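# any chance you could fold what I've pasted below:
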Amino acid sequence: MRAGERRAGQDAPISADDDDRYGFTAVADGLAESIHALEDDAGTVIGIEGRWGAGKTSLLNLLLARLRAASPPGTHVIHFSPWLSGPGGNLAEALLLPVAGILQQVESQREEADRRLRKRIARWWKKQGKSRNAGAALKVLKYVQQTSGHLAPLADLAGNVVPGFGLAAKGMDALAKLDLSARGKTAAELRGEIESRLDALGLTFVVVIDDLDRLEPSQAVEVLRLVRSVADFTRFRYVMCYDRDVLAHAVHQGLGVQDGQLYLQKIVPISFSLPRPESFTLRRHFRDEATQLYREVHGDAPDAETLSALERATDVYGEALATPREVGQALSAIRFRYAGMKDYVWFPDLCLLQLIRVTNPALHDWAERYLSERAIEMSGDATLADEEKQEITVALDHALAQFPTHAARSGWELGRWVPGVQGRREKGVAAFQDEDKHSAHAATARRRLASPVYWRYYFAFSAPGNVLSEGYVQNILRLASEDKEALAKQLLESVTDNGVSSRTWFEHILTRLTPAVTLAAGAQARAGLLAFLFVHADEVMLYYYRQRGLMYRYQSIGIEELATQLIAQALDTSRPEALAMLQELLEESAGSTWAAIYFRDVMRLHRAAGNRPGMESEKFLSAVELERLRQGMAEKMSPPALDHDVDKLDETGSYLWAWRDIAGMETVDRWVEEECSEDAAFLLFLLCMRSPVTSSDRGRYFRLDITTAEKLTDQPGLYRARLDEIVAKNDPALSGLQNDVLEAISNGRDY
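Okay, here's the model as predicted:
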């Protein structure tokens, strides 16, 4: 089979010189010349030793071709595969009966070449009298019968097994009934006669035996017995291929000898170790075949980034490749997977993982476990205990130690491919380290192994159970561009659907809308998504607040980041159109709590509010643009309504702080003065100013720092004095609200 024409799952040895990548052709040339150069009457055993997968069968195929092509007259090459005989087969018959067939053919050619073989044998037997059993072929049959323990009639052996002995029925009967003069001869006597006859005929046999190390111990021992005892003829040369350690262990088990390798030295006087292919040759073979596979699948060569990453993975982790079989196994695994997965994986990552699977299975299994646990923790579905993280990190250290080279043992190198891994083995590797969001987004955009969205495709041909399909995400983008009502319906339904994890599908959708995804979606889809956030974010916030309690904050699910991402991309596409769209959205949603909080955060980012030292690189609006947007929203913002609903109270407090930064402190001060003229309204206002907190002993609860609350209107002491007046009145109608406020103040002191 030609290189580059193999298919998934095939790891066949080569049989043609053109397929040789590892220098086996030159080795076969030298071996063939040495074997043929042996004296005619020299019998010996030559062992070709190499580990499983080193290419012994490939070398043997090339050697067989050379031995047959350059065999001198009278030399016959036999390929003996005891592995194919099965556990119940008779190995002596399998080896010697083909020899008998060759002898019979040679004798028949010399004696009566112009007659049909069946007639010649029948007549010849009748004429021979006492010497009728002297043929070398028949002697071999008798020898097989005695040495193998096979008791079947010689006629059966001759007619059923030996080529050329297909006698007529009458002749078979005659052979079966013969009073063979040599029947009483010993095996040793028959052996001597065979030797003499071989010498007289001038025949030499080269027997090539493959897969000796695949046999069961009893079979392996039987083959060795044949080679050194039963079939140890002077004109026989045996060439055996095997893994020395494996065969020595089989001898140890089969014969019970202490040292199997020492025993092999007695059997095999000439041994030759198959040269191990140089590491760079194995890596080059892998890289070239992988690159060719990429071309076959895509119809084009890989881009520069893909090719560079493939070369790095091959150079670092391909260093551990030890045999051509390992190269073939890795390539077959890639070939089997990639065509059907090309839309969900990055080719260099897949190659890296299959290299590791072949050369370091422990690290491959570790990577699957680690990425699974890390993805769950990143999604917020669960949190790993420190002890479990430590146990996984220790397992990583042990797996890296199995690599032979320093580069492959480096945690920093592995961290290029597997997220959150750092350090060097010598100083201690670390896992579960934080990764910046840009790296995670880039990994998802490239469908890399490091992506929490795509990692599972590399192991299971499918996405993680808590990850949306690519088709679902693309449908969301289509609706955002074409049908905003259908988009709102689907996204709001996803808010209440938890799927298979603790997060809702809405949160999963947000994680999939990475910068690369929304940029590729187009301006209309980005505008549709942004409009949904400004119009419906309050509904989303209220649902999560009711489901998750006091500690929920809208920033925790990523709405704000998505909005900023969409705005920044719109500005890059067409700044005037984007600013007009943003102005319209802000003014139309001026009463929205989320819109107010979001724009307040944008102002803080641009140092227009609060004390947050925003970074220049994070800014996306000029001071003039920001002020124009602020003025437009401030004019449209409406005063909040105080409500006894606790959900509304917390939302109102957040809105009031944002309103203060957008519309100005004077605007909020006037509202407080007008809205809170009644004591009940003032107490509700104070409840709006509470903050949710949590502690290990009390759980989640509200606290109120009245001094901080007074900063809303910059009137120190005013709220405290007003509260003291209300408490002094001791109005029973206000006792419930009053007690809630006082409890929150007390909680604030204890916090």
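
# quick check: buried residues in stretch 433-452?
Using 16 or more other CB atoms under 10 Å as the burial criterion, the residues of stretch 433-452 that qualify are 440-452. In this view, the C-beta of every residue, glycine as well, is placed from N, C-alpha and C.

# grab the longest helix from the chain for me.
Counting by DSSP state H, the longest helix found in the chain is helix 523-548.

# moving C-terminal from that one, which element do we reach first?
Using DSSP states H and E, the next helix or strand after helix 523-548 towards the C-terminus is helix 559-573.

# quick one: contacts of that following helix?
With contacts defined as CB atoms under 8 Å, 6 or more residues apart in numbering, helix 559-573 is touched by 510, 513, 515, 518-519, 523, 526-527, 529-530, 533-534, 537, 540, 554, 577-579, 581-582, 594, 598, 601-602, 620.

# over to stretch 510-521?
Stretch 510-521 is contacted by residues 379, 441-442, 444-445, 452-453, 467-468, 473, 476-477, 480-481, 525-526, 529, 557-559, 562, 565-566, 569 when judged by CB under 8 Å, 6+ apart.

# first-to-last residue distance for that stretch?
One end of stretch 510-521 sits 14 Å from the other (CA to CA, to the nearest Å).

# tell me how far that stretch lies from the chain's centre.
25 Å (CA atoms, centre = their mean, to the nearest Å).

# could I get the average pLDDT for it?
Taken as a whole, stretch 510-521 carries a mean pLDDT of 86.

# and stretch 208-223, by the same measure?
For stretch 208-223, mean pLDDT rounds to 86.

# show me which residues of that stretch are buried.
Residues 208-215, 217, 219-223 are the ones in stretch 208-223 that count as buried (16+ other CB under 10 Å).

# closest one of these to residue 70?
The shortest approach to residue 70 among the buried residues of stretch 208-223 belongs to residue 208, at 14.2 Å (CB to CB).

# hang on, the earlier thing: among the buried residues of stretch 433-452, which are located in helices?
440, 441, 442, 443, 444, 445.

# buried subset of the contacts of helix 559-573?
Applying 16+ other CB under 10 Å to those flags 510, 513, 515, 518, 526-527, 529-530, 533-534, 537, 540, 554, 578-579, 581-582, 594, 598, 601-602, 620 as buried.

# pick out the most distant pair among the buried residues of stretch 208-223.
208 and 217 (22.1 Å).

# redo the buried residues of stretch 208-223 as TSV? Include distance to residue 707 and secondary structure.
Below are those laid out as TSV (distance: CB to CB, whole Å; DSSP: H, G, I helix; E, B strand; the rest coil):
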residue	distance to residue 707	secondary structure
208	95	strand
209	94	strand
210	90	coil
211	87	coil
212	89	helix
213	84	helix
214	84	helix
215	88	coil
217	87	helix
219	91	helix
220	89	helix
221	93	helix
222	96	helix
223	94	helix
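
# residue contacts, residue 496?
Taking CB under 8 Å, 6+ apart, we find residue 496 in contact with 504, 543.

# picking that back up, report the angle between the longest helix of the chain and helix 559-573.
Put simply, helix 523-548 runs at 170 degrees to helix 559-573, going by axes from the mean of the first three to the mean of the last three CA atoms, to 10 degrees.

# so which elements touch helix 523-548?
helix 470-482, helix 484-495, helix 515-521, helix 559-573, helix 575-588, helix 593-605, helix 646-663 (3 or more CB pairs under 8 Å, 6 or more residues apart in numbering; DSSP states H and E).

# pick the most buried one from those.
Among the helices and strands packed on helix 523-548, ranked by average contacts under mean count of other CB atoms under 10 Å, first place goes to helix 593-605 (a mean of 23).

# output that one as PDB, restricted to C-alpha atoms.
Provided in PDB are the C-alpha atoms of helix 593-605 (Å, rounded to 0.1, in the frame of the first residue of the first chain):
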ATOM      1  CA  THR A 593     -33.100  49.700  36.100                       C
ATOM      2  CA  TRP A 594     -30.600  47.700  34.100                       C
ATOM      3  CA  ALA A 595     -30.100  50.500  31.500                       C
ATOM      4  CA  ALA A 596     -29.500  53.000  34.300                       C
ATOM      5  CA  ILE A 597     -27.000  50.800  36.100                       C
ATOM      6  CA  TYR A 598     -25.200  49.900  32.900                       C
ATOM      7  CA  PHE A 599     -24.800  53.400  31.700                       C
ATOM      8  CA  ARG A 600     -23.700  54.500  35.200                       C
ATOM      9  CA  ASP A 601     -21.000  51.800  34.900                       C
ATOM     10  CA  VAL A 602     -20.000  53.100  31.500                       C
ATOM     11  CA  MET A 603     -19.600  56.500  33.000                       C
ATOM     12  CA  ARG A 604     -17.400  55.100  35.700                       C
ATOM     13  CA  LEU A 605     -15.300  53.300  33.100                       C
END
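
# so for the very next helix or strand once past that helix, mean pLDDT?
Next helix or strand after helix 593-605 toward the C-terminus (DSSP H and E): helix 623-636. What helix 623-636 shows for mean pLDDT is 93.

# repeat that for stretch 30-40.
Averaging pLDDT along stretch 30-40 yields 85.

# buried set for that stretch?
By neighbour count on 16+ other CB under 10 Å, the buried set for stretch 30-40 is 31, 32, 35, 36.

# list the contacts of it.
44, 46, 48, 63, 66-67, 70-72, 75, 202, 204, 206, 235, 237, 239, 272.

# rerun at 6 Å
With contact meaning CB atoms under 6 Å, 6 or more residues apart in numbering, stretch 30-40 is reached by 63, 66, 67, 204.

# any chance of those residues in JSON lines, with neighbour count and secondary structure too?
JSON lines is the format used below for those (neighbours: other CB atoms under 10 Å; DSSP: H, G, I helix; E, B strand; the rest coil):
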{"residue": "63", "neighbour count": "25", "secondary structure": "helix"}
{"residue": "66", "neighbour count": "20", "secondary structure": "helix"}
{"residue": "67", "neighbour count": "23", "secondary structure": "helix"}
{"residue": "204", "neighbour count": "26", "secondary structure": "strand"}
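
# which one of these is nearest to residue 297?
Proximity of the contacts of stretch 30-40 to residue 297 (CB to CB) peaks at residue 63, which lies at 35.9 Å.

# report pLDDT for that closest one.
Looking at residue 63, its pLDDT reads 92.

# which non-adjacent residue is nearest residue 268?
Spatial nearest neighbour of residue 268, chain neighbours left out: residue 47 (3.9 Å); criterion: CB to CB, 6 or more residues apart in numbering.

# kindly apply the preceding question to residue 664 instead.
Nearest one to residue 664, counting by CB to CB, 6+ apart, is residue 634 at 7.3 Å.

# got a pLDDT number for residue 484?
The model reports residue 484 with a pLDDT of 92.

# which residue packs closest to it, ignoring adjacent ones?
Using CB to CB, 6+ apart, the closest residue to residue 484 is residue 528 (5.3 Å).

# and residue 414, by the same measure?
Nearest residue to residue 414, sequence neighbours excluded (CB to CB, 6+ apart): residue 421, at 4.9 Å.

# hang on, that neighbour packs against residue 415?
Yes. Residue 421 is within contact range of residue 415, at 4.1 Å (criterion: CB atoms under 6 Å).

# quick one: which of these two has more around it?
The neighbour comparison of residue 421 against residue 415 (other CB atoms under 10 Å) goes to residue 421, with 26 against 19.

# from residue 198, how far off is the more buried one?
As for residue 421, its distance to residue 198 is 67 Å (criterion: CB to CB, to the nearest Å).

# do the same with residue 473
Distance, residue 473 to residue 198, by CB to CB: 77 Å.

# and for residue 666?
Distance, residue 666 to residue 198, by CB to CB: 119 Å.

# more neighbours, these two?
Taking other CB under 10 Å, residue 666 and residue 198 do not tie; residue 198 has more neighbours (23 against 11).
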